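Student: Got a predicted structure plus its sequence, pasted below:
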Amino acid sequence: MTDGGPRFVAPVIHDGPRRNRLPLRALLLGLVLILITGIAIGFIYVRFFRVVPVDQDVLVRTTPGSITGPRLQSPQEVVQRYFEALRDGNIESALALGPRGGPGRGSLVTARAFEETRRISPIDDIEVTADDPEAVEVQVSYTLGGEPVEESVRVTRNDDGTYQMAQTTTTVEFDVTGGQSLPMIVNGQRVGSNELLEVVPGRYEVSTGLPFITYAAPHNSFTVTSMTPSEVVELTAIPTLTPEGEHELVQAARSSLASCLELRQLEPADCPNHITPSAPVDESTVRWELVNDPWRRLQPILHPEDQTVAALSTVIRTNVTFTYSDGSSSGNNFQIRTAQIRANMAGETPADIVIDWQ
């Protein structure tokens with residue numbers, strides 16, 4: 001502008017209203033505090049104030065019968081109690097002193113079975129020789145069937161400071177190669193071949209219960225003296241003919257051969273004596289004769305693949321005479337044959353023995 005004119009005055013600029021910024025940190029902190037407070041209130045309610053209804057269908061009640069065994073305060077006491085229970089014939093009390101040793105059947109540790117075990121091999125003169133109050137193995141001596149035994153028995157400590165047996169039984173398994181069809185009776189109880197069985201200290205006698213086949217000594221009995229944890233004890237039972245079985249087998253074979261020799265046939269079926277003639281024969285004239293004693297110094301055995309079957313080998317010498325159809329005589333016809341004899345011996349009487357000539 002020119003002098004004298006009005007002066008330019010800059011306008012005054014006023015600040016507008018200020019924007020309030022959102023307090024994000026404070027908001028997050030408040031939410032966290034609210035969440036923590038809610039969780040704490042919920043926990044206190046559930047823990048101290050909430051009443052839970054009892055479902056009678058799932059309620060487990062503790063009864064005296066559910067207690068597995070006595071709570072014993074020392075390792076020596078539990079071992080003493082175990083062998084005393086066996087001595088007194090109380091197998092249930094002995095088994096209640098700890099877990100069983102394996103998954104085997106308990107047919108030999110029933111009250112009835114243990115009566116026979118105790119009769120065969122009573123336990124007596126029990127003495128625990130170690131006195132360490134925290135021992136995991138306890139030395140014990142006793143007599144089993146009158147024979148002295150010294151063993152180390154393992155125990156375990158429970159969370160409450162009491163003790164129990166590490167195991168109250170041990171596991172055994174019988175193997176009868178080729179004799180799976182034979183019965184096996186252990187201390188009066190019938191068990192299966194290759195079956196896992198739980199046993200306690202004692203003597204166990206094995207038999208077939210048959211008159212003609214038994215299990216050979218010393219494989220017809222075994223003795224258990226301790227419950228030391230181990231793998232399954234495998235026991236091999238070996239079947240054999242009894243003296244009665246050997247006698248009846250020979251008698252049956254002798255009778256069978258005699259019947260064969262009485263036949264007026266040159267080729268009788270299922271017999272060891274036979275001859276093929278060169279011309280037609282008048283069979284009514286056939287006469288067989290035994291010219292040796294084939295029953296001396298025989299050694300019958302049981303067949304390795306099926307030990308219910310007896311096998312016997314013997315030399316049979318015969319002579320046969322006959323007349324040909326044209327009337328001419330055959331003269332003497334001597335023969336020597338090694339005969340193989342088989343017979344199932346799992347029967348109960350001599351009449352059950354049927355001879356098979358091979």
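Tutor: Yep, that arrived.

Student: Export the helix or strand hosting Ile316 to PDB, keeping only CA atoms.
Tutor: In the assignment (DSSP states H and E), Ile316 maps to strand 306-324. In PDB, the C-alpha atoms belonging to strand 306-324 read as follows (Å, rounded to 0.1, in the frame of the first residue of the first chain):
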ATOM      1  CA  ASP A 306       4.400-138.500  18.700                       C
ATOM      2  CA  GLN A 307       5.300-139.700  22.100                       C
ATOM      3  CA  THR A 308       2.000-141.400  22.700                       C
ATOM      4  CA  VAL A 309       3.200-144.000  20.200                       C
ATOM      5  CA  ALA A 310       5.700-146.700  21.100                       C
ATOM      6  CA  ALA A 311       8.200-148.000  18.500                       C
ATOM      7  CA  LEU A 312       9.900-151.400  18.500                       C
ATOM      8  CA  SER A 313      12.200-153.100  16.100                       C
ATOM      9  CA  THR A 314      12.800-156.900  16.100                       C
ATOM     10  CA  VAL A 315      14.200-159.600  13.800                       C
ATOM     11  CA  ILE A 316      11.600-162.300  12.900                       C
ATOM     12  CA  ARG A 317      12.700-165.600  11.400                       C
ATOM     13  CA  THR A 318      10.000-167.800   9.900                       C
ATOM     14  CA  ASN A 319       9.600-170.900   7.800                       C
ATOM     15  CA  VAL A 320       6.600-171.600   5.700                       C
ATOM     16  CA  THR A 321       5.500-174.800   3.800                       C
ATOM     17  CA  PHE A 322       2.600-175.200   1.400                       C
ATOM     18  CA  THR A 323       1.400-177.300  -1.500                       C
ATOM     19  CA  TYR A 324       1.000-175.900  -5.000                       C
END
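
Student: Output the contacting helices and strands for it.
Tutor: Helices and strands touching strand 306-324, by 3 or more C-beta pairs under 8 Å, 6 or more residues apart in numbering; DSSP states H and E, are helix 243-262, strand 281-290, strand 301-303, strand 333-344. From N, CA and C alone the C-beta is placed, and that goes for glycine too.

Student: Columns mean neighbour count on top of the ones you listed, output as TSV?
Tutor: Shown next, in TSV, are the helices and strands packed on strand 306-324 (neighbours: other C-beta atoms under 10 Å):
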stretch	mean neighbour count
helix 243-262	17
strand 281-290	16
strand 301-303	17
strand 333-344	15
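
Student: now what about stretch 79-97, what contacts it?
Tutor: 68-70, 72, 78, 98, 109-111, 114-115, 118, 122-124, 126, 128, 138, 140, 142, 153, 155, 164-165, 168-169, 200-202 (C-beta atoms under 8 Å, 6 or more residues apart in numbering).

Student: let's see it at 7 Å
Tutor: Identification of contacts with stretch 79-97 by C-beta atoms under 7 Å, 6 or more residues apart in numbering yields 68-69, 72, 78, 109, 111, 114-115, 118, 123-124, 126, 128, 138, 140, 142, 153, 155, 164-165, 168, 200-201.

Student: Stretch 102-118 too?
Tutor: Against stretch 102-118 from outside (C-beta under 7 Å, 6+ apart): 89, 91-92, 95, 169, 171, 186-189, 191, 195-200, 202, 204, 232.

Student: Which members of these occur in helices, if any?
Tutor: Within the contacts of stretch 102-118, residues falling in helices by DSSP state H are Ile91, Glu92, Leu95.

Student: Would you map out the domains in this protein?
Tutor: As assigned by automatic domain parsing, the chain contains the domains 75-240, 243-357.
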